[in-house]
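Novice: What follows is a predicted protein model with its sequence.
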Amino acid sequence: MERPKNVEERGIRIARLLELIESTENILKLHQSQEKPSFLAVNQYTDLLAEHRAELGKLLKPYGFTLRLPKTKANKVA
């Protein structure tokens, strides 16, 4: 993703990433709750969620914010 050119673009991107994180988490939970979760789907959404979180962390860093996530069990299906 191209870096935002100004504060307004950065704010829009941060808001969009928060929306993407929320929807990706919901989709991931849906896949994980299936009787027989798809290993591929769970892994793909886990990776996508990590990408969104990493990008959000990069956008917040110049403002002195650090993104810390709670420690949880691995989201991947064994």
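Specialist: It's in. Numbering: from 1, shown residues only.

Novice: The helix or strand harbouring Glu9 - contacts with which helices or strands?
Specialist: Counting by DSSP states H and E, the element that carries Glu9 is helix 7-32. Helices and strands touching helix 7-32, by 3 or more Cβ pairs under 8 Å, 6 or more residues apart in numbering; DSSP states H and E, are helix 39-60. Every C-beta, even on glycine, is put in place using the N, C-alpha and C of the backbone.

Novice: average pLDDT across the helix it packs on?
Specialist: Per-residue pLDDT over helix 39-60 has a mean of 95.

Novice: any idea of the angle it forms with helix 7-32?
Specialist: 160 degrees (axes from the mean of the first three to the mean of the last three Cα atoms, to 10 degrees).

Novice: buried set for the helix holding Glu9?
Specialist: Arg10, Arg13, Leu17, Leu20, Ile21, Thr24, Ile27, Leu28, His31, Gln32 (16 or more other Cβ atoms under 10 Å).

Novice: Among the residues you listed, which one lies nearest to Pro70?
Specialist: Ile21 (13.5 Å; Cβ to Cβ).

Novice: how about that closest one, what does it touch?
Specialist: Leu49, His52, Arg53, Leu56 (Cβ atoms under 8 Å, 6 or more residues apart in numbering).

Novice: CSV for the buried residues of helix 7-32, including distance to Tyr45 and pLDDT?
Specialist: What follows is the buried residues of helix 7-32, written out as CSV (distance: Cβ to Cβ, whole Å; pLDDT from 0 to 100):
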residue, distance to Tyr45, pLDDT
Arg10, 25, 91
Arg13, 21, 95
Leu17, 15, 96
Leu20, 11, 97
Ile21, 11, 96
Thr24, 6, 96
Ile27, 6, 96
Leu28, 4, 96
His31, 6, 95
Gln32, 9, 95
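
Novice: secondary structure class for the residue sitting furthest away from the middle of the chain?
Specialist: Computed with Cα atoms, centre = their mean, the residue of the chain farthest from its C-alpha average is Glu35, at 24.2 Å. At Glu35 the chain is in coil, as set by DSSP: H, G, I helix; E, B strand; the rest coil.

Novice: what's the answer for Phe65, then?
Specialist: Assignment for Phe65 (three-state DSSP): coil.
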